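Peer 1: Turn this into a model:
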Amino acid sequence: MQHYNKNGINILLHKSPSTPRYSVSFFFKVSKKEKYNGVNSILARLLLQGTKKYSALELANEFENECIDISVKAKQDYIKISLIFLNEDFKHAMELVKDLIINSTFDDFEKEVFKIKGEIVSDLDNPKMKLTDTFVRNIFKEHPYSSCHTKILEDIDNIAKEDIIFAHKQMLEAEKSIVVVGDYNNEQDLIDFFANEFPFMESKISENEIQDVFKNEIQQDETIWISKNDASQAQIIQGWLIDSFNSPLCAKYAVMNNILGSSGLSSRLFVNLRDKQGLAYTVRSQYDTMLHSAIFNMYIGTAPNNIQKSLDGFKDELQKLADNLVTDDELKGAKENISGRLKYFTQNNSQIGAVNGYNYMMGLGLQYNELFLDDVNNVTAQDVSDMAKRLLSMPKLVTILAPDEYKF
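Peer 2: Take a look at the predicted model:
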């Protein structure tokens, strides 16, 4: 993938020969705090609900009739508009998305707010979603990353249409990029097209109001109990705030995570807690990276009377990694698994655009995947041990959802 800048517009191009469909994504970096939790989520949904030229139904019909797949996502660090369409529909797809980006009316504001409230209430009926919501809210505390379902519900009635319009203005004033993957004939024609037809995509770097989350790092171990007396299963998340993808520790955490619990049936948590001890219905570890922070966590769904055994199991598995170096075969398998997954998730045009566009917007560069895999290949057994020791020495947050009779 190559980066070009014309008229201040960042354009990323990747030629994918003999593919029938384009993937085009528009990234808008989030560097301003939301006035209320949920503003960007509502904005993302309203971008698909009508423009000055098309009603919501007409816009939906235009995309459907031309077989143009479009999605808008609001994440912690960016808002992304993604399109996939046949090569011959390029100009019409771009006309539609241009209209959507700059001429959305937000007329369905009240309707979308009503729908979001209902969806959130429904989601929170799911025990695992409720557990995750509580975990995210508390591990990030007052940081903008703590914007979760319950926080959005608390703020949503204070949000006005004017707040969405202002957030849209901020979106257009943010750092931006256009990512194109497809079988194009002339890259200069594409560069000229976007430079002339999408002047509003000029990238502007503004002061980042979202500060490093480690300023709000948890200071001591904390356990939060969520009462659900009709639950037949206990749900547990134990996690830490740690270094993200811009840290030299990232590859080391990734390898440890793969060995511990992210590689499915072969991971240590699965083998030892589920297969050997029969503690888990589901068990895994996860390393989630963001621009300003990362979370390492372990999750288990278990019988309520196994809560303490499960927590002890988490600690035991980390302690084993800390005390005993992993074998060469286990280390090699983890590295191959990480490399294989990265290749698997960058196979089609959409995936190539998503991964490289994200890397660019996060300031990682277009060679990040290759550099990351180099770092992964250099991880040693001692590095894995050191990362486990590091987690064991850091304060952690535990959230538990279970009937009160099992509370301790």
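Peer 1: ok, the residue positioned nearest the centre of the chain to Ile295 distance?
Peer 2: The geometric centre of the chain, computed from its C-alpha atoms, lies nearest to Lys75 (Cα atoms, centre = their mean), at 6.3 Å. Counting by Cβ to Cβ, to the nearest Å, the gap between Lys75 and Ile295 amounts to 14 Å. (Glycine included, C-beta is placed from N, CA and C.)
Peer 1: Same question for Met1.
Peer 2: Summarising the geometry, the distance separating Met1 from Ile295, computed by Cβ to Cβ, is 28 Å.
Peer 1: These two - which one has more neighbours?
Peer 2: Counting neighbours by other Cβ atoms under 10 Å for Met1 and for Ile295 shows that Ile295 has the greater number, 22 against 18.
Peer 1: In a helix, the more buried one, correct?
Peer 2: No. Counting by DSSP: H, G, I helix; E, B strand; the rest coil, Ile295 falls outside a helix, being strand.
Peer 1: just the strands in the stretch 251-400 of the chain please.
Peer 2: Counting by DSSP state E, counting those that start in this stretch, the segments of the stretch 251-400 of the chain that form strands are 280-289, 294-302, 397-402.
Peer 1: among the ones you listed, which is nearest Lys315?
Peer 2: Proximity of these to Lys315 was assessed by Cβ to Cβ; the nearest stretch is strand 294-302, lying at 9.8 Å.
Peer 1: in its sheet, what does the closest one sit against?
Peer 2: Sheet neighbours of strand 294-302, with direction, are listed as strand 234-242 (antiparallel), strand 280-289 (antiparallel) (DSSP bridges).
Peer 1: Tell me which of those lies nearest to Met171.
Peer 2: Between Met171 and those, the shortest gap by Cβ to Cβ is with strand 280-289, which sits at 23.0 Å.
Peer 1: Now do Leu318 against Asp312, distance only.
Peer 2: As it turns out, when the distance is counted by Cβ to Cβ, Leu318 lies 11 Å from Asp312.
Peer 1: and what of Ile178?
Peer 2: 51 Å.
Peer 1: Look at the two and report which has more neighbours.
Peer 2: A direct count of neighbours by other Cβ under 10 Å for Ile178 and Asp312 places Ile178 higher, at 25 against 13.
Peer 1: Let me see the contact set for the more buried one.
Peer 2: Contacts for Ile178 were tallied using Cβ atoms under 8 Å, 6 or more residues apart in numbering; they are 9-12, 24-27, 194, 198, 201.
Peer 1: where's it, which helix or strand?
Peer 2: strand 176-182 (DSSP states H and E).
Peer 1: could you pull out the helices for the stretch 51-200 of the chain?
Peer 2: Per DSSP state H, counting those that start in this stretch, the stretch 51-200 of the chain carries helices over the ranges 56-65, 90-103, 109-123, 127-139, 149-155, 161-172, 187-197.
Peer 1: one step back: from the strands paired with strand 294-302, which stretch is densest packed?
Peer 2: For the strands paired with strand 294-302, ranked by mean neighbour count under the definition mean count of other Cβ atoms under 10 Å, the leader is strand 234-242 at a mean of 23.
Peer 1: Just the C-alphas of that strand, formatted as CSV.
Peer 2: What follows is the C-alpha trace of strand 234-242 in CSV, where atoms were taken according to Å, rounded to 0.1, in the frame of the first residue of the first chain:
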residue,chain,number,x,y,z
ALA,A,234,-21.1,-17.2,36.8
GLN,A,235,-19.2,-14.8,34.5
ILE,A,236,-15.8,-13.4,35.4
ILE,A,237,-13.4,-11.0,33.8
GLN,A,238,-10.0,-10.2,35.3
GLY,A,239,-7.9,-7.5,33.6
TRP,A,240,-5.1,-5.0,33.6
LEU,A,241,-4.3,-1.8,31.8
ILE,A,242,-1.1,-2.3,30.0
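Peer 1: Run the chain-centre distance for that strand.
Peer 2: 17 Å (Cα atoms, centre = their mean, to the nearest Å).
Peer 1: Local confidence estimate at the residue lying closest to the residue nearest to the centre of the chain once chain neighbours are set aside?
Peer 2: Using Cβ to Cβ, 6 or more residues apart in numbering and skipping the chain neighbours, the partner closest in space to Lys75 is Val30 (7.6 Å). Looking at Val30, its pLDDT is 95.
Peer 1: got a list of what Val30 touches?
Peer 2: Counting by Cβ under 8 Å, 6+ apart, Val30 makes contact with 40, 74-79, 174, 210.
Peer 1: cool, Ser31 as well?
Peer 2: Each residue near Ser31 by Cβ under 8 Å, 6+ apart is listed here: 174-175, 206-210.
Peer 1: so which of those is the most crowded?
Peer 2: Highest neighbour count within those, by other Cβ under 10 Å: Ala174, with 20 neighbours.
Peer 1: which residues touch stretch 210-227?
Peer 2: 30-33, 130-131, 134-135, 138-145, 240-241, 291-293, 395-404, 407.
Peer 1: end to end, how far does it reach?
Peer 2: Chord length of stretch 210-227, first to last residue, is 33 Å (Cα to Cα, to the nearest Å).
Peer 1: Check which residues of it are buried.
Peer 2: 210, 213, 216, 218, 224-226 (16 or more other Cβ atoms under 10 Å).
Peer 1: what two of the residues you listed are the furthest from one another?
Peer 2: Going by Cβ to Cβ, the pair spanning those furthest: Ile210 and Trp225, at 30.2 Å.
Peer 1: which one of the helices of the stretch 51-200 of the chain lies closest to Leu364?
Peer 2: Across the helices of the stretch 51-200 of the chain (criterion: Cβ to Cβ), the nearest stretch is helix 161-172, sitting at 21.6 Å.
Peer 1: Which elements pack onto that closest one?
Peer 2: Helices and strands touching helix 161-172, by 3 or more Cβ pairs under 8 Å, 6 or more residues apart in numbering; DSSP states H and E, are helix 39-46.
Peer 1: got the angle for the helix it packs on vs helix 161-172?
Peer 2: Here helix 39-46 points in a direction 90 degrees away from that of helix 161-172 (axes from the mean of the first three to the mean of the last three Cα atoms, to 10 degrees).
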